[in-house]
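Trainee: sequence first, predicted coordinates after that:
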Amino acid sequence: MNNKLRFVLFLLITPVVLLGVGSLAQNNCQLLSAETQLPADTGCMGPYEVSQVEYNSNENFPDGLLINGIEMPVDVWASVSFPSGFPNGPAPLILILHGNSQGTCLGALGNCNHHEGFQYLTDHLASHGFIAVSVNANRINSGDFDRVLDRGYLLLEHLKLWRNWNANTNGEFDDLFAGKVDINQIGLAGHSRGGEAVIAAYNLNKELSSPSSIQAVLSIAPTDKQGLYIENVPYYSIVPACDGDVLDYRGVRFFDRALRLTEANPTPKQVAFVIGANHNYFNTLWGRDGGGCFGITPLEREDQEQLAKRLVNAFFRKFLMEESSLHYVFTGDNLGPATPGVPSWISYEDPIHLDIDRFDSSQAANELGRENSFSGFRNADQCGVDNDIDCSVSLVNETSALRLRWLGRDAVFETQIPQKLQDVSKYTHLSFRVTQNSEDVQVDGLKPEGEPVHFEVRLMDAQGHQATLSTEAFGGASFPIGSNVRDQVSGEFLRRTVLATIRMPLSQFAGLDISSVTQVEFLFAGDTKGSIYLSHLQFSR
C-alpha cells in the first residue's frame with residue numbers, strides 16, 4: 001500500500017466513559033492501590049478517560065485496495081479507542097478482528113459493520129491504558145468463507161500503518177500517535193474466523209524481514225480451518241461451551257498442538273472453556289446463536305460481554321503490561337476479582353515443567369523411561385494422535401491420552417521417577433489434564449452427566465513417606481457437555497468432552513520430601529465407578 005495514502009477521520013476525538021453492568025459486575029471495584037489506580041476487578045472500567053477515532057480507506061478508494069497477500073480488494077478500516085492524553089506515555093497496541101457470521105448480524109438485512117460490535121471491548125481496554133483497534137474485514141466475509149490467511153495479511157497491513165504513525169512518517173492524525181505507540185508490546189485478538197486469523201497473522205509476521213513485535217495472541221471461539229500451530233508467544237483461547245457455530249469446540253486444539261511443539265522461547269499456553277457462553281454474544285451486533293449444548297443455563301448477553309472484558313483485559317495486562325498478580329486467572333489455582341463469575345474449565349501449561357508422561361509412546365514406560373503399572377482396571381490403554389488407537393469422537397482434544405475405566409474394585413495407576421530427576425523442588429505443582437470418557441458415562445452405572453468424577457493422587461518419596469490429595473478440592477474430572485450435533489453413524493446426539501487441567505500444589509502433599517519424589521500414583525476406590533481420559537502428567541510451576 002502507498003504509505004502516502006491519507007485516511008479520513010470520521011469521529012472527532014471525544015472522551016467516552018462506559019461502566020460495566022450486569023450480574024457479573026457486582027464484585028467490589030475498589031482500587032488495588034492509590035499508586036496504580038487500577039481496579040481489582042479487570043471487568044471494571046480503568047482509570048483513564050477514553051477517546052476514539054476511526055480511519056477508513058474506502059472514501060478515497062471506494063472499490064477497495066490491493067495489499068500484499070490478498071488477491072481481492074479490501075478496505076483498510078478500523079475504529080480506535082485510546083487513553084485520552086496518553087497520561088503514561090506510549091501505550092501497548094492491541095488489534096481485534098471480528099468473525100464472518102453475516103447471517104446473525106442484527107443490522108438491516110444482516111448487513112453491518114462487524115467491527116463495531118467490539119466497541120465495548122476496545123473502550124474497556126483503552127480505559128486500562130491500551131490503544132485498542134477493532135479492524136473491519138467486511139470485504140473478505142464474502143465468497144470463500146475461510147479466507148484465514150487473507151485476514152492475517154489484513155492485520156499485518158494495519159500493523160504497518162501503526163508503526164508508521166508511531167514514527168510520524170504519514171501524519172494522518174496530526175501527530176496524535178507519534179511516539180505514543182509502544183511498538184514493542186503488540187497484542188492480537190480475534191473472534192471466530194478472526195480467532196484463527198490472529199494465529200495466521202502471527203505466523204506470517206515472523207516471515208517478514210522486519211516483523212512487528214507481537215507479544216501476546218488471544219482467540220475467542222475460534223474456527224480451525226487451516227490446522228495452524230502457534231509457538232514462542234503467550235497464547236490464550238476462550239472457548240464457549242454453548243457454541244452454536246463452532247460446534248466441536250475446535251479452539252482447544254490450538255492449545256493441544258502448541259503442547260506438542262518444542263519451543264525455542266517457551267511461553268505459557270492457556271484455555272478457558274466457559275460453561276454457558278455462546279458463540280455470538282461476544283459481538284454486540286450478532287444475534288443469539290441458539291447455543292450448542294443442552295442442560296446448561298446460557299449466559300445473558302451483558303454477562304458474556306462482562307466475561308470478555310474481564311478475561312481479555314487480564315490477559316493483555318498480564319502479558320503486555322507484565323502484571324504478574326493476574327497469573328492466577330489463567331492457571332485456575334485461585335479465585336479472585338479478575339476471574340469470571342461463571343464456571344470455566346481451565347487448561348494451562350507453564351513453560352517451566354517436567355513431563356512425566358504424555359501417553360504418546362509406550363504404555364509400559366513413561367516419558368522419563370521408567371515403568372508404568374496398572375492394576376484393577378476394567379480397561380487401561382492409550383489413544384489419540386500419536387497412538388494406534390483412536391480416542392472417542394466425542395473427545396474434542398487433538399492429543400494423546402491414557403484411557404482408564406474402573407468398575408467396583410480398587411484400581412491403581414503407578415508411574416516411577418528416575419533418581420536423577422526425583423528432586424522436584426524447583427516446581428510448585430503436580431499437574432495433569434483429565435476429563436470423563438463420555439462413551440462410558442451411562443454404562444454400568446457410571447457417573448451421570450453433569451457430575452464430575454473424583455479420585456486420589458498419591459506421591460511417595462525416597463524415605464517411604466506418602467501423601468495423598470483428592471481431586472475433589474480441584475473440581476475433579478470434568479463431565480461431558482450435551483451437544484446438538486448428531487453422530488453420523490448412530491444418529492444420536494453427541495456428548496462432547498474436553499480435557500481440563502488439575503494443578504495440585506506440591507506444598508499440600510504434607511510430610512513429603514519433594515527433593516526425592518520416587519513415584520506418582522492415581523488411586524480409584526472400589527466403591528466408585530468411572531471412565532476418564534488422562535493426559536500431560538507433569539511437574540510444573
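Mentor: Yep, it's here.
Trainee: so where's this protein shaky on pLDDT?
Mentor: For the chain, applying pLDDT under 70 flags the ranges 1-39, 101-104, 106-111, 142-145, 169-172, 290-292, 440-450, 483-488, 490, 492-493.
Trainee: can you name the residues that contact the most centrally placed residue in it?
Mentor: Closest to where the C-alpha atoms of the chain average out (C-alpha atoms, centre = their mean) is S237, at 1.6 Å. By C-beta atoms under 8 Å, 6 or more residues apart in numbering, S237 lies in contact with G195, L218, S219, I220, P222, G251, V252, F254, F255, Q270, V271, A272. No exception for glycine: its C-beta is placed from N, CA and C like everyone else's.
Trainee: hmm, try it at 7 Å
Mentor: Contact analysis of S237 by C-beta atoms under 7 Å, 6 or more residues apart in numbering lists S219, P222, G251, V252, F254, F255, V271.
Trainee: give me the contacts around stretch 195-211.
Mentor: Residues contacting stretch 195-211 (C-beta under 7 Å, 6+ apart): 97, 148-149, 151-153, 155-156, 188-190, 212, 214, 217, 219-226, 228, 230, 233, 251, 254.
Trainee: how about stretch 455-465?
Mentor: 422, 430, 466-471, 504, 509, 511-513, 516-524.
Trainee: off-centre distance for the helix or strand hosting V434?
Mentor: Assigned by DSSP states H and E, V434 belongs to strand 429-436. Put simply, strand 429-436 sits 17 Å off its chain's centre (C-alpha atoms, centre = their mean, to the nearest Å).
Trainee: buried residues of that strand, list them for me.
Mentor: H429, L430, S431, F432, R433, V434, T435, Q436 (16 or more other C-beta atoms under 10 Å).
Trainee: so V271 sits right up against P240, yeah?
Mentor: No - V271 is beyond contact range of P240, at 11.6 Å (criterion: C-beta atoms under 7 Å).
Trainee: and the contacts of S237 as TSV, adding distance to I356?
Mentor: Converted to TSV, these look like this (distance: C-beta to C-beta, whole Å):
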residue	distance to I356
S219	29
P222	30
G251	27
V252	22
F254	24
F255	19
V271	21
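Trainee: narrow the residues you listed to those in helices?
Mentor: Here DSSP state H is the test, and those give G251, V252, F254, F255 as lying in helices.
Trainee: now, which of these sits nearest R317?
Mentor: F255 (20.7 Å; C-beta to C-beta).
Trainee: and that closest one, how far from D360?
Mentor: The spacing between F255 and D360, counted by C-beta to C-beta, to the nearest Å, is 16 Å.
Trainee: try G376
Mentor: On the measure of C-beta to C-beta, G376 and D360 end up 24 Å apart.
Trainee: for these two, indicate the residue with more neighbours.
Mentor: Counting neighbours by other C-beta atoms under 10 Å for G376 and for D360 shows that D360 has the greater number, 19 against 16.
Trainee: tell me which residues touch the more buried one, please.
Mentor: By C-beta under 7 Å, 6+ apart, the contact set of D360 is D386, N387, S400.
Trainee: quick one on the thing from earlier: show me the contacts of stretch 455-465 that map onto strands.
Mentor: Among those, DSSP state E puts 430, 466-470, 504, 517-524 in strands.
Trainee: with respect to L307, which of those residues is nearest?
Mentor: Among these, and counting by C-beta to C-beta, the member closest to L307 is M504, at 26.8 Å.
Trainee: ok, the closest one touching L469?
Mentor: Yes - counting by C-beta under 7 Å, L469 is a contact partner of M504 at 5.3 Å.
Trainee: tell me the SS of Y249?
Mentor: Here Y249 is recorded as coil under DSSP: H, G, I helix; E, B strand; the rest coil.
Trainee: show me what contacts it?
Mentor: Contacts here follow C-beta under 7 Å, 6+ apart; on that basis Y249 touches V239, D243, V396, R496, V498.
Trainee: among the contacts of stretch 455-465, the buried ones, what's the ChimeraX command?
Mentor: Command for ChimeraX that selects the buried part of these, burial taken from 16+ other C-beta under 10 Å:
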select :422,430,467,469,471,504,509,512,513,516,517,518,519,520,521,522,523,524
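Trainee: dump the ones in helices among the contacts of S237 into JSON lines; add neighbour count and distance to T331 as well.
Mentor: Shown next, in JSON lines, are those (neighbours: other C-beta atoms under 10 Å; distance: C-beta to C-beta, whole Å):
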{"residue": "G251", "neighbour count": "26", "distance to T331": "19"}
{"residue": "V252", "neighbour count": "25", "distance to T331": "17"}
{"residue": "F254", "neighbour count": "27", "distance to T331": "18"}
{"residue": "F255", "neighbour count": "25", "distance to T331": "14"}
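Trainee: out of those, which is nearest to Q306?
Mentor: G251 (20.1 Å).
Trainee: now that closest one: how far from N265?
Mentor: 23 Å.
Trainee: between the contacts of D360, identify the one with the most neighbours.
Mentor: Neighbour-wise, those (other C-beta under 10 Å) top out at S400, 23 neighbours.
Trainee: what's the burial count for the closest residue to G85 other than its chain neighbours?
Mentor: Using C-beta to C-beta, 6 or more residues apart in numbering and skipping residues adjacent in sequence, the residue nearest G85 is E49, 7.6 Å away. Using other C-beta under 10 Å, E49 has 14 neighbouring residues.
Trainee: pretty sure E49 is touching S84, no?
Mentor: Yes - counting by C-beta under 7 Å, S84 is a contact partner of E49 at 4.2 Å.
Trainee: where do the helices sit along this structure?
Mentor: 119-127, 148-167, 193-206, 251-259, 301-320, 328-331.
Trainee: centre of the chain versus the second one, how much separation?
Mentor: The chain centroid and the centroid of helix 148-167 are separated by 23 Å under C-alpha atoms, centre = their mean.
Trainee: likewise for the first one?
Mentor: A distance of 19 Å separates the C-alpha centroid of helix 119-127 from that of its chain, computed with C-alpha atoms, centre = their mean.
Trainee: just list what that helix packs against, helices and strands only.
Mentor: Using 3 or more C-beta pairs under 7 Å, 6 or more residues apart in numbering; DSSP states H and E, the elements in contact with helix 119-127 are strand 50-56, strand 77-83, strand 91-97, strand 131-135, helix 301-320.
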